[in-house]
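> Give me the fold of what follows.
(one chain, ligands or ions: 1)
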Amino acid sequence: MNPDDLKKLAAARALELVRPGMRLGLGTGSTAKHFVDLLGARVAGGLDVLCVATSQATQAQALALGITMSSLDETPELDLTVDGADEIDPELRLIKGGGAAHLREKIVASASRRMIVIADETKLVERLGRYPLPIEVVPFGLETTRRAVATAIESAGESGELVLRRRPDGSALVTDNANHILDAHLHAIGAPERLATALNAVPGMVEHGLFLGIASGAILAGEGGLRLLGAIE
Ligand code: A5P
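Okay, here's the model as predicted:
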């Protein structure tokens, strides 16, 4: 199976968790996109759910599929969020934000009773950090914030390069929230909780991609079949 088939397999297993009447958070990225496609087919067949998207891209996809969409203002509490991840460790700690959507993803997942991660098994790592950690920052005072983020990383006992994420044309990437992303190339994060605490204290830092204590379970698809981590049902 190619990686895309594996993502679809994980998404199909997550669809089994959906019940009529549920309020769902819809993730962002290539794996979450499969989930939204499969959900759309079920909705076309008569399933009644109310959904909140984690990005403009997912919102557009879901609306095109005829899924009834809401917002967190109208629907502040959700039953289940299904989303992908860039890295997952055995304690269900995540790195997210490869698609620059981690701010809304974290808000939506935190508003949900359960967050289930779907991924191909290559996302499972012993230690977080090989994937660059996305850090969303406001454009105002970017250089000052960049230096403060670098100091925070150092004070947390980590080290690595901070790179402003750019679009293919070279301009700074702008998120759905009109912010920028600094990618921290840390290679291995020794203490994710300590790093998160240090980053959270930086003015101008809007949200980082460490999801700690948020995911309830993960569905990982590999050549050997599905592997479940944490609480799925
Ligand atoms: C979006 O910002 C991310 O958090 C995605 O959920 C993550 O990058 C996983 O994406 P894929 O499913 O495309 O690997």
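> these two touch, right, residue 25 and residue 108?
Yes: in this structure, residue 25 is within contact of residue 108 by C-beta atoms under 8 Å, at 4.1 Å. No exception for glycine: its C-beta is placed from N, CA and C like everyone else's.
> who touches both of the two?
Shared contacts of residue 25 and residue 108, defined by C-beta atoms under 8 Å, 6 or more residues apart in numbering, comprise 52, 54, 78, 81.
> Among the residues you listed, list the two that are farthest apart in space.
Spanning the widest gap among the shared contacts of residue 25 and residue 108 are 54 and 78, at 10.9 Å by C-beta to C-beta.
> residue closest to the middle of the chain?
Central residue of the chain (C-alpha atoms, centre = their mean): residue 96, 4.2 Å from the mean position.
> residues contacting that one?
Residue 96 makes contact with 83-86, 102, 105-106, 134, 209, 211, according to C-beta under 8 Å, 6+ apart.
> quick one: contacts for residue 78?
Contacts of residue 78 were listed using C-beta under 8 Å, 6+ apart, and they are 23-25, 52, 108, 111-113.
> Return the subset of those residues lying in helices.
Members of the contacts of residue 78 lying in helices (criterion: DSSP state H): residue 108.
> Including neighbour count, distance to residue 13 and pLDDT, could the contacts of residue 78 go into TSV?
What follows is these, written out as TSV (neighbours: other C-beta atoms under 10 Å; distance: C-beta to C-beta, whole Å; pLDDT from 0 to 100):
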residue	neighbour count	distance to residue 13	pLDDT
23	19	20	98
24	27	15	98
25	29	17	98
52	26	22	98
108	26	20	98
111	17	23	98
112	22	18	98
113	12	19	98
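> Out of the contacts of residue 78, name the ones that lie in strands.
Of the contacts of residue 78, the ones assigned to strands by DSSP state E are 23-25, 52, 112-113.
> Between which two of these is the distance greatest?
The distance between the two most remote of those (C-beta to C-beta) is 13.3 Å, for 52 and 113.
> So which residues on this protein come close to the ligand?
27-32, 83-86, 96-102, 105 (C-beta under 6 Å from any ligand atom).
> now with 5 Å?
28-31, 84, 86, 96-99, 101 (C-beta under 5 Å from any ligand atom).
> Report the separation between residue 219 and residue 128.
Residue 219 is 19 Å from residue 128, where distance means C-beta to C-beta, to the nearest Å.
> Make a ChimeraX selection of the buried ones in the residues of the chain next to the ligand.
This is how ChimeraX selects the buried members of these, with burial counted by 16 or more other C-beta atoms under 10 Å:
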select :28,29,31,84,86,96,97,98,99,101
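> Next, residue 145: secondary structure please.
helix (DSSP: H, G, I helix; E, B strand; the rest coil).
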